[in-house]
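Enquirer: Need a 3D model of the following:
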Amino acid sequence: MIAGKMHLLVTFHTTAGAMAMEKRCRAAGLAGRLIPVPREITADCGLAWRGEPGDRPRLEEISADLETAGFYEMIC
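Expert: Purely as a prediction, here's the structure:
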């Protein structure tokens with residue numbers, strides 16, 4: 001079994017929120033990408049932004065006005 005890496009997942013209530021997060025993170029130069037939400041967690045739109053745990057303060061700032069459903073740290 002291949003060991004995964006710890007990531008920060010940001011989930012959203014809407015697909016529009018997820019897409020806006022992707023655009024903002026790209027503009028800010030933050031590493032990450034949109035992924036399907038893992039089965040272990042739920043989200044309304046089914047998409048999550050996967051980023052680095054160390055970027056959490058910046059990601060919280062960038063997503064402050066978006067409809068986020070939650071922030072999760074998990075190995076994936």
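Enquirer: low pLDDT regions in this protein?
Expert: Flagging of the chain using pLDDT under 70 yields the residue ranges 1-3, 43.
Enquirer: Any figure for the gap between Lys23 and Ile75?
Expert: Applying CB to CB, to the nearest Å, the value for Lys23 to Ile75 is 27 Å. (Each C-beta comes from the backbone N, C-alpha and C, glycine too.)
Enquirer: Double-check Glu40 against Met74; I have them as touching.
Expert: Yes - applying CB atoms under 8 Å, one finds Glu40 in contact with Met74, separated by 6.9 Å.
Enquirer: residue closest to the middle of the chain?
Expert: Central residue of the chain (CA atoms, centre = their mean): Trp49, 2.4 Å from the mean position.
Enquirer: ok, how many other residues are close to the closest residue to it other than its chain neighbours?
Expert: What sits nearest to Trp49 in space, not counting adjacent residues and going by CB to CB, 6 or more residues apart in numbering, is Val10, at 4.3 Å. Residues near Val10, counting by other CB atoms under 10 Å, number 27.
Enquirer: Am I right that Val10 is in a strand?
Expert: Yes - per DSSP: H, G, I helix; E, B strand; the rest coil, Val10 lies within a strand segment.
Enquirer: That one touches Phe71, doesn't it?
Expert: Yes - assessed by CB under 8 Å, Val10 is found in contact with Phe71 at 5.6 Å.
Enquirer: List the buried residues in the longest helix along the chain.
Expert: Selection of the longest helix in the chain by residue count, based on DSSP state H, yields helix 15-28. By neighbour count with 16 or more other CB atoms under 10 Å, helix 15-28 contains the buried residues 17-18, 20-21, 24-25.
Enquirer: What ranges does the protein have for its strands?
Expert: Ranges of strands in the chain, per DSSP state E, are 6-12, 33-36, 47-51, 68-75.
Enquirer: Need the winner for burial among these.
Expert: strand 47-51 (a mean of 23; mean count of other CB atoms under 10 Å).
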